[in-house]
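**Q** Just the structure for this:
(2 chains)
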Amino acid sequence: MKNETVIDAHNVSRIYNPDTIPVYAVNNVHLHLNKGEFTALVGPSGSGKTTLLNLIGGLDRPDSGNILINDVDITKLSSNQLITFRLNHIGFVFQSYNLIPVLTARENVEMIMQLQKISRKDRDARITQLFEEVQLSDKMNSRPSELSGGQQQRVAVARALASKPKFVLADEPTANLDTKSASNLLDIMAKLNKEEQITFLFSTHDQRVIERARRVITLVDGKIASDTLPTNTA
Amino acid sequence: MAWRNIWRNKARSIIIMLSIMLGLFSALAVVSIYKGMMRARVRTVIDREVGHLQLHHPRFKEDYLAEFILPEGSGLEMINKMPGVKATTRRTVTTGMLSTATGSSGITIYGVVPDEEKVISQLDKTIAEGQYFSSEIRNPVLIGKKLAKKMKLNLKSKLVLMFTDSTNTMVSAAFRVASIYESENSSLDERIVYVSRESLNSLLGIGTAAHEVVVLLHHDEELDHMMTAMKNKFPALKIESWEDLSPETELMVDTVNQYAYIMLTIIMLALAFGIVNTMLMAILERTRELGMLLALGMNKVKLFFLIFSETVFLTLAGCPFGLVLSWFAIDHFNRNGMNLSIFGDEMMSSFGFSTFVYPEFPFDKVIGMLFIVVATALLSSLLPAIKALRLRPVEALRK
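**A** Numbers count the residues shown, from 1 in each chain, chains lettered A, B, ... in the order given. A predicted model of the protein is given here:
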């Protein structure tokens, strides 16, 4: 099967304080991810993991280089075009869940589909499917404050997948979770990766995530220090 | 989501709703008090001072000369038979000096028919001391409280009135203070004295003539129609409405309206600062969440309306309470009166205002007031909403 490119980053750099004391948060990085990869981005604190995720996710703009997502150069998109692009192509999972506290778990997930103007019938079907996948069908109507950390992060995964993105970026997704919740979350993401060919790219310090990844990219001082190639792209 | 966001911080939302409610209440209260004051002032001018309209010899008001009397036998005596006319009276008016052993003061002397004045100007109801045109006193004169104080006059004090008669000869006559009146207009109290028309006419040498006819109508709305009818019937006379006779009242109405707008502007500015400050706090607290919404794909128009709608909901919730509160408060004071003497009896009375005001709910201005309050609230929410739009997701998510 021919590999389908999802992320293609060339010579990407992000420099903070360019006019005073330049700090290369990301320094001339090349990155290529195919569909269905389950990749961990590792490295010490300050190595540029989150910055690189933000650049790939279109939350920040590189000072140089190009980032192609599904053959679209997102560095050329306007601010508004980027918002629409993120909505339709990228799923995000944040370290601290970032669910909207006034909405129920179901409404947090449904909001993304409402932004996409998906019909109510299709939304209902997708929500049912997503909550089954993250094993929270019985918690759909709970507010985030009524859920444990692990449950909230699973809702965040369901929200990230609601728009049927090509890939999911997860910034330290297990950092705030206990071992059992982290393991459960990783099982769910691995299953979605395997069964639905969703590409996952994690930034992490967590050895549990690194052990489950099929490709591990190590960043040091904003540069890729090592890249263990995928052993299996499912 | 906007509606639920409102209740995330109940205290803050209640403060905004209270601000909007009090903003609307204050706006309506200010307008209703001014309206009540102006209505009372206009009523005082019509019912206590000049009537609805007056007729004079065309030259009388140039120098208030006694010779410019109204022509007799020209049908003036028939005015009170005209439809719409409630009452009329004929007055003799002259200017002169009031002298006592200790000093003198310039005054205007009104020769009046006491019984007719009871209906036209309710002069008898303003008596603070003594008896209204007491028959026990020879040559009785009614003087204002302010003039009495200035000239150190008491009941039964003797004074001399000096003026020129119809032949421009100086005449003087002694009068005794029969009563001291206190109207709502202290400046008039200081310069107007009342004597009987019979006495004054005799001194002026004008027989039974008069200088002015005062006409009181049944309804204010009939004024324009009656002015036209009078002008047609008495083309040789000068006919003036209360607005012509009391231009300062008209000016005062305009001035007070301007004050009302200044007060409204101050109230609305206070409301705007309150809303801007509170909503900015709400944005600041939710920076991370708003950044997350932008990151997930909520476009800026939707984000703008999310913030904007929160203020809309708070405004829509606050306005009805403000209206209800205003209605009950204004209705209460409309029935019971509002004592404004804490702002100074002297000051109020020097402008011709009673210290007791009966605010009137400004039905004609409610829509306008609502519009101003809602517009202020919505405009105030623009700044926080625009601030939210300027958030960069990558920075907001770090907060």
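**Q** So which residues of chain A form strands?
**A** For chain A, the strands defined by DSSP state E cover A:5-16, A:23-34, A:38-42, A:64-69, A:72-73, A:90-93, A:167-171, A:199-204, A:215-220, A:223-228.
**Q** could the ones you listed go into a markdown table alongside mean neighbour count?
**A** In short, each C-beta sits where N, CA and C put it, glycine included. Output for these, formatted as a markdown table (neighbours: other CB atoms under 10 Å in any protein chain shown):
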| stretch | mean neighbour count |
| --- | --- |
| strand A:5-16 | 18 |
| strand A:23-34 | 19 |
| strand A:38-42 | 24 |
| strand A:64-69 | 18 |
| strand A:72-73 | 13 |
| strand A:90-93 | 25 |
| strand A:167-171 | 24 |
| strand A:199-204 | 25 |
| strand A:215-220 | 20 |
| strand A:223-228 | 14 |
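**Q** Could I get the ones you listed in JSON lines, plus columns for distance to B:Phe371 and mean pLDDT?
**A** Shown next, in JSON lines, are the strands of chain A (distance: least, CB to CB, whole Å; pLDDT from 0 to 100):
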{"stretch": "strand A:5-16", "distance to B:Phe371": "49", "mean pLDDT": "93"}
{"stretch": "strand A:23-34", "distance to B:Phe371": "51", "mean pLDDT": "92"}
{"stretch": "strand A:38-42", "distance to B:Phe371": "56", "mean pLDDT": "93"}
{"stretch": "strand A:64-69", "distance to B:Phe371": "48", "mean pLDDT": "94"}
{"stretch": "strand A:72-73", "distance to B:Phe371": "47", "mean pLDDT": "94"}
{"stretch": "strand A:90-93", "distance to B:Phe371": "43", "mean pLDDT": "91"}
{"stretch": "strand A:167-171", "distance to B:Phe371": "48", "mean pLDDT": "91"}
{"stretch": "strand A:199-204", "distance to B:Phe371": "52", "mean pLDDT": "92"}
{"stretch": "strand A:215-220", "distance to B:Phe371": "58", "mean pLDDT": "94"}
{"stretch": "strand A:223-228", "distance to B:Phe371": "61", "mean pLDDT": "91"}
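**Q** Nearest to B:Ala295, out of these?
**A** Nearest to B:Ala295 among those is strand A:90-93; the distance by CB to CB comes to 5.8 Å.
**Q** which secondary structure elements does that closest one contact?
**A** Packed against strand A:90-93 by the contact rule (3 or more CB pairs under 8 Å, 6 or more residues apart in numbering or on different chains; DSSP states H and E) you find helix A:149-162, strand A:167-171.
**Q** Go again with 10 Å.
**A** helix A:149-162, strand A:167-171, strand A:199-204, helix B:287-296 (3 or more CB pairs under 10 Å, 6 or more residues apart in numbering or on different chains; DSSP states H and E).
**Q** now the last one against strand A:167-171, angle please.
**A** Angle between the axes of helix B:287-296 and strand A:167-171 is 160 degrees (criterion: axes from the mean of the first three to the mean of the last three CA atoms, to 10 degrees).
**Q** Leaving out sequence neighbours, find the closest residue to whichever residue of chain A sits closest to chain B.
**A** For chain A, the nearest residue to chain B under the criterion CB to the nearest CB is A:Leu87, separated by 2.5 Å. Among residues not flanking A:Leu87 along the chain, B:Gly297 sits closest, at 2.5 Å (CB to CB, 6 or more residues apart in numbering or on different chains).
**Q** That neighbour: how many residues sit nearby?
**A** Neighbours of B:Gly297 under the rule other CB atoms under 10 Å in any protein chain shown: 24.
**Q** So which residue is smack in the middle of chain A?
**A** A:Leu169 (1.2 Å; CA atoms, centre = their mean).
**Q** Is it in contact with A:Ala156, as I believe?
**A** No: look at A:Leu169 against A:Ala156 with CB atoms under 10 Å: they stay out of range, at 11.9 Å.
**Q** Give the residues shared as contacts by the two.
**A** Counting by CB atoms under 10 Å, 6 or more residues apart in numbering or on different chains, the contacts common to A:Leu169 and A:Ala156 are A:91-94.
**Q** Any chance of the residues you listed in CSV with distance to B:Leu314 as columns?
**A** Formatted as CSV, the shared contacts of A:Leu169 and A:Ala156 follow (distance: CB to CB, whole Å):
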residue, distance to B:Leu314
A:Gly91, 34
A:Phe92, 31
A:Val93, 33
A:Phe94, 30
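**Q** Give me the neighbour count for residue 22.
**A** No chain in the question, so chain A it is. Neighbour count for A:Pro22, taken as other CB under 10 Å: 11.
**Q** sorry, should have said chain B
**A** With other CB under 10 Å as criterion, B:Leu22 counts 19.
**Q** Could you check how far it is from chain A?
**A** Distance of B:Leu22 to chain A, computed by CB to the nearest CB, to the nearest Å: 27 Å.
**Q** how about the nearest residue to that residue, chain neighbours excluded?
**A** With sequence-adjacent residues excluded and distances taken as CB to CB, 6+ apart, B:Leu22 is closest to B:Gly322, at 7.1 Å.
**Q** List the contacts of residue 72.
**A** Here I'm looking at chain A. A:Val72 makes contacts with A:58, A:81, A:85, A:89, as judged by CB under 10 Å, 6+ apart.
**Q** The intended chain is chain B.
**A** Contacts of B:Glu72 by CB under 10 Å, 6+ apart are B:207-210.
**Q** Check B:Phe25 too.
**A** B:Phe25 sits next to B:18, B:267, B:318, B:321-327, B:329-330, B:369, B:373 when contact means CB under 10 Å, 6+ apart.
**Q** In helices only, show me those residues.
**A** Among these, the members falling in helices (DSSP state H) are B:18, B:267, B:318, B:321-327, B:329-330, B:369, B:373.
**Q** Just read off the phi/psi values of whichever residue of the stretch 251-399 of chain B sits closest to chain A.
**A** Nearest residue of the stretch 251-399 of chain B to chain A: B:Gly297, at 2.5 Å (CB to the nearest CB). When read as degrees, to the nearest 10, the backbone of B:Gly297 gives phi 120, psi 10.
**Q** That one contacts A:Leu59, doesn't it?
**A** No: the pair B:Gly297 / A:Leu59 is not scored as a contact, 11.2 Å apart, by CB under 10 Å.
**Q** what residues are shared contacts of those two?
**A** Joint contacts of B:Gly297 and A:Leu59 (CB under 10 Å, 6+ apart) are A:82, A:86, A:90, A:92.
**Q** Just give the number of residues close to the first one.
**A** Close neighbours of A:Leu82, defined as other CB under 10 Å, add up to 21.
**Q** so who does it touch?
**A** A:57-59, A:61, A:74-76, A:90, B:294, B:297, B:393.
**Q** For those residues, which two are the farthest from each other?
**A** A:Lys76 and B:Leu294 (19.3 Å).
**Q** So those two - more neighbours on which side?
**A** B:Leu294 (26 against 11).
**Q** Give the rounded mean pLDDT of stretch B:134-141.
**A** Taken as a whole, stretch B:134-141 has an average pLDDT of 86.
**Q** Can you give me the buried ones in it?
**A** Buried positions in stretch B:134-141, judged by neighbour count with 16 or more other CB atoms under 10 Å in any protein chain shown: B:134, B:137, B:139-141.
**Q** Tabulate these in JSON lines, adding columns for distance to chain A and secondary structure.
**A** Listed next are those as JSON lines, based on distance: CB to the nearest CB, whole Å; DSSP: H, G, I helix; E, B strand; the rest coil:
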{"residue": "B:Ser134", "distance to chain A": "79", "secondary structure": "coil"}
{"residue": "B:Ile137", "distance to chain A": "83", "secondary structure": "coil"}
{"residue": "B:Asn139", "distance to chain A": "85", "secondary structure": "coil"}
{"residue": "B:Pro140", "distance to chain A": "80", "secondary structure": "strand"}
{"residue": "B:Val141", "distance to chain A": "78", "secondary structure": "strand"}
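**Q** Out of those residues, which comes closest to B:Lys156?
**A** The closest of these, once distances to B:Lys156 are taken by CB to CB, is B:Ile137, at 7.0 Å.
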